[in-house]
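1. give me a 3D structure for the following:
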Amino acid sequence: MRQKVIGFEFEIGSPWTMATTVRKIRQELGIKGLISQVDVTVDTPQKYNGEIATPPWPYRQGVVNLKKIFKWFEKNGIVTNDSCGFHVNISFKNKELNWMMDTQRLILCFNEEKWLKVCKRHGSEWTECYIDELIVSAGKKKFKDEDGVKKWIDKQLEDLIEERQHTINLNNLESESPYVEYRCLGGVGYHLRYNVMLKAITDMAKNLERALPNAKGTGFMTTKVKECFLPQTSSFIPH
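-> As a prediction, this is how the structure comes out:
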């Protein structure tokens, strides 16, 4: 796959302020560039709640650093619960490739339902599921053909993409430093589930590839269109 850049945002509860937590990670792990941030949505039993954001790293380095940070969290009394999100910011190293991605495919080729279910985040106001909203509205509509469905999806996504709280935030994709923010991960003890988080991150990296022009592996989008947006003959919803 093409070279990628990755960064993370950790919502956590800590025995120390976020600034002190960042300093300890730098001193003990040698990982620099972390930023402490206020996040009033995080509510854990620990003394301090907030968020830590990393700088963008080369993909492989980011994966290695993630494992080190998760292990440090486990050893140092960090708490993650259902109020905590784990956000993944990822992009192609070649900036121009990011501007060429198809936003409809970015959304519809990613199995947001799977990762929301794995993290028990489905239904959270901070991780709104695109497909849930499309299904609710599409069920009231009649389409002559699949092309009509796709045009309707494009129109709906134009509005939904503007809302940052969805599982995939695309608001930074056309900036001078473009990236995609995946917001579906997190939940209770997410920092104790490195292998699960890594599988999700791998899926996110592949999802960027699927969104490029003439990309392969886009069959999942076709399945979603047929099962979720065309008029249903039963009450089955594929998630």
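2. secondary structure class for the residue nearest in space to the middle of the chain?
-> Of all residues in the chain, the one closest to the mean position by Cα atoms, centre = their mean is Tyr182, 1.5 Å from it. Three-state call for Tyr182 (DSSP: H, G, I helix; E, B strand; the rest coil): strand.
3. Ile168 is in contact with that one, correct?
-> Yes - using Cβ atoms under 8 Å as the test, Tyr182 is close enough to Ile168 to be in contact (5.8 Å). Any C-beta I mention is one placed from the backbone N, CA and C, and that applies to glycine too.
4. okay, and the common contacts of these two?
-> Residues touching both Tyr182 and Ile168 by Cβ atoms under 8 Å, 6 or more residues apart in numbering: Phe110.
5. which stretches in this protein count as helices?
-> Ranges of helices in the chain, per DSSP state H, are 18-29, 59-75, 95-99, 103-108, 112-118, 130-138, 146-160, 194-210, 219-224.
6. could I get those helices as JSON lines with mean neighbour count?
-> Shown next, in JSON lines, are those (neighbours: other Cβ atoms under 10 Å):
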{"stretch": "helix 18-29", "mean neighbour count": "16"}
{"stretch": "helix 59-75", "mean neighbour count": "16"}
{"stretch": "helix 95-99", "mean neighbour count": "15"}
{"stretch": "helix 103-108", "mean neighbour count": "21"}
{"stretch": "helix 112-118", "mean neighbour count": "20"}
{"stretch": "helix 130-138", "mean neighbour count": "18"}
{"stretch": "helix 146-160", "mean neighbour count": "14"}
{"stretch": "helix 194-210", "mean neighbour count": "17"}
{"stretch": "helix 219-224", "mean neighbour count": "15"}
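7. quick check: which of those helices is nearest to Lys4?
-> Checking those against Lys4 by Cβ to Cβ gives helix 59-75 as the closest, at 4.3 Å.
8. residues contacting Asn76?
-> Each residue near Asn76 by Cβ under 8 Å, 6+ apart is listed here: Ser14, Pro15, Lys24.
9. okay, it: pLDDT?
-> If you check Asn76, the pLDDT there is 98.
10. go on, Phe220?
-> 84.
11. for the record, mean pLDDT for the strand ranked longest in the chain?
-> In the chain, with assignment by DSSP state E, the single longest strand is strand 4-14. Per-residue pLDDT over strand 4-14 has a mean of 98.
12. that one: how far from the chain's middle?
-> Centre-to-centre, strand 4-14 and its host chain are 11 Å apart (Cα atoms, centre = their mean, to the nearest Å).
13. who does it touch, helix- and strand-wise?
-> The helices and strands touching strand 4-14, judged by 3 or more Cβ pairs under 8 Å, 6 or more residues apart in numbering; DSSP states H and E, are helix 18-29, strand 48-53, strand 57-58, helix 59-75, strand 85-92, helix 194-210.
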